[in-house]
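> Take this sequence and fold it.
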Amino acid sequence: MNNDTICALATANGIGAIGIIRVSGERSFKIVDKVFQGKNLEKVKSHSVHYGFIKDENEVIDEVMVSVFHSPKTFTTENSVEISFHGSPHIAKKILEVLIKNGARMAKAGEFTMRAFMNGRIDLSQAESIADLIASENEASRKVALNQLKGGISNEISNLRGDLLNFTSLVELELDFAEEDVEFADRSALNKLLNKIEDKLSSLIDSFQYGNAIKNGVDVAIIGKPNAGKSTLLNALLKEERAIVSDIAGTTRDTIEEILHIKGTAFRFIDTAGIRETTDKIEAIGVQKAKEKISTAKILLYLYDEFDSEPHEVIDFVKTFWREDLKIILLHNKIDLSGGYFENDFDKKVKAELFPKFTNSIIGVSAKEGTSVEAIKNELVEYIEDIKTSENTVITNQRHYESLQKSLESVKRVKSAISQSFHTELLAYELRYALEHLGEISGEFTNDEVLGNIFSKFCIGK
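Have a look, this model is predicted:
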């Protein structure tokens, strides 16, 4: 890490009651003291706040409060200063200019957090959790991010690595005595540990589906034939006229996306073009987009009505697009035209073909009147309950997920090597590989390209 002193606006851009500028680096006190009219900041106690003015030579820029933090008890572990000023973007710009003129430089995106990582204040997974905490949009994602910031996943991985490292050291020691054919690492005990690690890694990997849902939301595609009532249903779910509704089939030609939070989870509803064969080039593009949304959605709301559909159409559609990780909810629409919902021959035929493998939900709805909207929401919440994990630590980060998968593959190869009595050198190689992938999560094994990619996604000032 270089010895530059960095500065940046830590609060959001725009007008506010108060703004905060952060300064971090060995020369923080000296640089800020040059522009601060008040107490001598190089002589005050750590974690103290001081009143005064920021000046550019003889011109007063603003009346401020300055907080002083001595190394190493700071976020970056470096000397740090926070300047609280009246929240004008112009004042912020002027203060940053005068700090830079006196020896500081503008921080890069994520540079404060990167310094905290490089200086050993936090590990890489904790650094990433800070970005997740800032971006959290619901209570569940806030709790998961905070748990990871407190070292949730770090502790889990550290314990696994510690146990595995002990055995790896013994196996490495055997290589030094290869000619004597000695065995320091008990293979049966090692295998028992590997089983434990495999179970834990599998459990963490399985938690990613839930973690990804609470962090990024759940894509819900509203699908059906033209004029099935998809846009009307979207409006009913949102309780506003978001999508254009018309009796003319094929009105929706592009996808419309809206987010609705239900019991702490963000559901991203996607109203799609009606799926049918068409010679209209623009509508055909919309149909193709609808099919693409189906391929990435986690939940499918399929609308049909018995006045414009046949049972085999519903059955064929569901079987065509069904996949293991997709929840399909069938919505028998326009029940207002038939005097309410009751299970008739149409739905009996559908159930006979599709229950329980392809779906187990048929809800009678009237998108026009908003009937059964709460029942639909309950089904969506049930999806979250079904994928919820018993793990205290939940994986929400794609990078962690991929590293865990690689670690699991390595552990399985180590087990295979033991069962086949492979040479100690190969066993040691596979053990080192497993340790390396586990270390990627905390940042013990990483490279500049990975670090640059991670911290470039942070906002400047964090």
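> any idea of the mean pLDDT in stretch 87-106?
Per-residue pLDDT values over stretch 87-106 give a mean of 96.
> how about it: buried residues?
For stretch 87-106, the neighbour count (16 or more other C-beta atoms under 10 Å) marks 87, 91-92, 94-96, 98-99, 102-104 as buried. For every residue, glycine as well, the C-beta is placed using N, CA and C.
> Among those residues, which lie within strands?
Nothing among those maps onto strands, per DSSP state E.
> Please convert the residues you listed to CSV, extending it with distance to Ile256.
Putting the buried residues of stretch 87-106 into CSV (distance: C-beta to C-beta, whole Å) gives the following:
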residue, distance to Ile256
Gly87, 36
Ile91, 41
Ala92, 38
Lys94, 44
Ile95, 44
Leu96, 41
Val98, 48
Leu99, 46
Asn102, 52
Gly103, 52
Ala104, 47
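> Looking at the residues you listed, which is nearest Glu391?
Gly87 (41.3 Å; C-beta to C-beta).
> Nearest residue to the closest one in space, ignoring adjacent ones along the chain?
Counting by C-beta to C-beta, 6 or more residues apart in numbering, Gly87 lies nearest to Gly16, which is 3.5 Å off, once chain neighbours are set aside.
> Can you report how many residues lie near that neighbour?
14 (other C-beta atoms under 10 Å).
> one step back: what is the most widely separated pair among the buried residues of stretch 87-106?
So, the buried residues of stretch 87-106 by C-beta to C-beta: farthest apart are Gly87 and Gly103, at 25.2 Å.
> for the chain, what's the longest strand?
strand 59-69.
> Does anything pack onto that strand? Which helices or strands?
Packing partners of strand 59-69 (3 or more C-beta pairs under 8 Å, 6 or more residues apart in numbering; DSSP states H and E): strand 36-37, strand 48-56, strand 80-86, helix 89-101.
> again, only this time at 6 Å
strand 48-56, strand 80-86, helix 89-101 (3 or more C-beta pairs under 6 Å, 6 or more residues apart in numbering; DSSP states H and E).
> Mind checking the ones you listed for the one nearest to Leu164?
Among these, strand 80-86 sits nearest to Leu164 (C-beta to C-beta), with 37.1 Å.
> just the angle between the closest one and strand 48-56, please?
70 degrees (axes from the mean of the first three to the mean of the last three C-alpha atoms, to 10 degrees).
> I would like the residues contacting strand 80-86, please.
For strand 80-86, contacts defined as C-beta atoms under 6 Å, 6 or more residues apart in numbering pick out 18-24, 28, 32, 62, 64-69, 74, 91.
> Against Leu124, how distant is Asp163?
21 Å (C-beta to C-beta, to the nearest Å).
> Compare neighbour counts for these two and give me the winner.
Leu124 (24 against 15).
> After the helix or strand hosting Tyr429, which helix or strand is next?
For Tyr429, the host element (DSSP states H and E) is helix 424-442. Remark: after helix 424-442, the chain's next helix or strand is helix 448-455, criterion DSSP H and E.
> Tell me the gap between that following helix and the middle of its chain.
17 Å (C-alpha atoms, centre = their mean, to the nearest Å).
> Could you do stretch 15-28 as well?
Here the centre of mass of C-alpha atoms in stretch 15-28, compared against the chain's by C-alpha atoms, centre = their mean, lies 28 Å away.
> got the end-to-end distance for that stretch?
26 Å (C-alpha to C-alpha, to the nearest Å).
> And stretch 8-22, by the same measure?
End to end - C-alpha to C-alpha - stretch 8-22 spans 6 Å.
> What residues of stretch 387-406 count as buried?
Those would be 387, 389, 391, 393-397, 399-401, 403-404, 406, for stretch 387-406 by 16+ other C-beta under 10 Å.
> Would you mind pulling the contact partners of that stretch?
So stretch 387-406 is contacted by 128, 144, 152-153, 156, 201, 203-205, 207-211, 215, 437, 440-441 (C-beta under 6 Å, 6+ apart).
> Just checking the distance from stretch 376-392 to the centre of its chain.
17 Å.
> any idea of the mean pLDDT in it?
Stretch 376-392 comes out at a mean pLDDT of 90.
> Same question for stretch 137-146.
Here the average pLDDT along stretch 137-146 is 84.
> Residues touching that stretch, excluding its own?
Stretch 137-146 is contacted by residues 129, 132-133, 136, 214-215, 264, 394, 396 when judged by C-beta under 6 Å, 6+ apart.
> ok, back up a step: surely the residue nearest to Gly87 is within a helix?
No: per DSSP: H, G, I helix; E, B strand; the rest coil, Gly16 lies outside any helix segment and is coil.
> Relative to Leu9, how far out is it?
Gly16 is 11 Å from Leu9, by C-beta to C-beta.
> coming back round to it: ok, which pair from the contacts of stretch 137-146 is furthest apart?
Going by C-beta to C-beta, the pair spanning these furthest: Ser129 and Gly264, at 18.5 Å.
> These two: who's more crowded?
Taking other C-beta under 10 Å, Ser129 and Gly264 do not tie; Ser129 has more neighbours (26 against 15).
> excluding its backbone neighbours, what's nearest that one?
Ser129 sits nearest to Gln148 (C-beta to C-beta, 6+ apart), 3.7 Å away.
> In which helix or strand does that neighbour reside?
helix 139-149.
> Just the CA coordinates for that helix, please, in PDB.
These are the backbone C-alpha positions of helix 139-149, laid out as PDB (Å, rounded to 0.1, in the frame of the first residue of the first chain):
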ATOM      1  CA  GLU A 139     -34.600  -6.400   6.300                       C
ATOM      2  CA  ALA A 140     -33.400  -9.900   5.300                       C
ATOM      3  CA  SER A 141     -30.600  -8.700   3.100                       C
ATOM      4  CA  ARG A 142     -29.500  -6.200   5.800                       C
ATOM      5  CA  LYS A 143     -29.300  -9.000   8.400                       C
ATOM      6  CA  VAL A 144     -27.300 -11.300   6.100                       C
ATOM      7  CA  ALA A 145     -24.800  -8.600   5.200                       C
ATOM      8  CA  LEU A 146     -24.400  -7.500   8.800                       C
ATOM      9  CA  ASN A 147     -23.800 -11.100   9.900                       C
ATOM     10  CA  GLN A 148     -21.100 -11.400   7.200                       C
ATOM     11  CA  LEU A 149     -19.500  -8.100   8.200                       C
END
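> any idea how far the closest residue to Thr265 other than its chain neighbours is from Gln126?
With sequence-adjacent residues excluded and distances taken as C-beta to C-beta, 6+ apart, Thr265 is closest to Ile384, at 5.3 Å. The spacing between Ile384 and Gln126, counted by C-beta to C-beta, is 26 Å.
> just Arg27 next, same as before
27 Å.
> and if you look at Val144?
13 Å.
> Same drill for those two, tell me which one is more crowded.
Neighbours per residue, other C-beta under 10 Å: of Val144 and Gln126, the larger number sits with Val144, 25 against 21.
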